[in-house]
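Engineer: below are the sequence and a predicted model; questions follow.
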Amino acid sequence: MSIFCLIDDKHIPLYRVMWVSDVPHFCGEEDCTREGQYEIRLEQDESVWGTREERDEMLHALEKWQGGMQQDSDW
């Protein structure tokens with residue numbers, strides 16, 4: 001398993017990811033180049049933008065990297 005996930009043309013280290021957008025960007029500005037893309041926020045106020053497939057791949061990679069969601073038998 002790699003600690004990187006490919007978003008656009010960038011290999012992003014999983015440990016730098018702070019959060020992943022659930023909905024695509026929409027601001028309504030005519031000159032916006034990020035409409036319909038998903039933001040992946042990194043540490044130090046940096047962001048990368050990806051397609052829905054890239055966003056889903058990042059979420060999958062993060063879950064796999066962290067060992068997935070464990071079911072607690074006491075719940």
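Structural biologist: On my side now, so go ahead.

Engineer: please identify the pairing partners of the one helix or strand residue 47 maps to and their relative orientation?
Structural biologist: Element membership of residue 47, judged by DSSP states H and E, is strand 46-50. Take DSSP bridges as the rule and strand 46-50 pairs in its sheet with strand 38-42 (antiparallel).

Engineer: strands of this structure, start to end?
Structural biologist: In the chain, the strands defined using DSSP state E lie at 4-7, 10-13, 17-20, 38-42, 46-50.

Engineer: deepest-packed of these, please.
Structural biologist: strand 38-42 (a mean of 19; mean count of other C-beta atoms under 10 Å). C-beta: built from backbone N, CA, C; applies to glycine.

Engineer: with only the CA atoms kept, save it in PDB.
Structural biologist: Provided in PDB are the C-alpha atoms of strand 38-42 (Å, rounded to 0.1, in the frame of the first residue of the first chain):
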ATOM      1  CA  TYR A  38     -14.000  18.500  -5.200                       C
ATOM      2  CA  GLU A  39     -11.600  20.200  -2.800                       C
ATOM      3  CA  ILE A  40      -9.200  18.200  -0.800                       C
ATOM      4  CA  ARG A  41      -7.800  20.400   1.900                       C
ATOM      5  CA  LEU A  42      -4.200  19.800   3.000                       C
END
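
Engineer: centre of the chain versus it, how much separation?
Structural biologist: Its chain's C-alpha centre and that of strand 38-42 lie 5 Å apart, by C-alpha atoms, centre = their mean, to the nearest Å.
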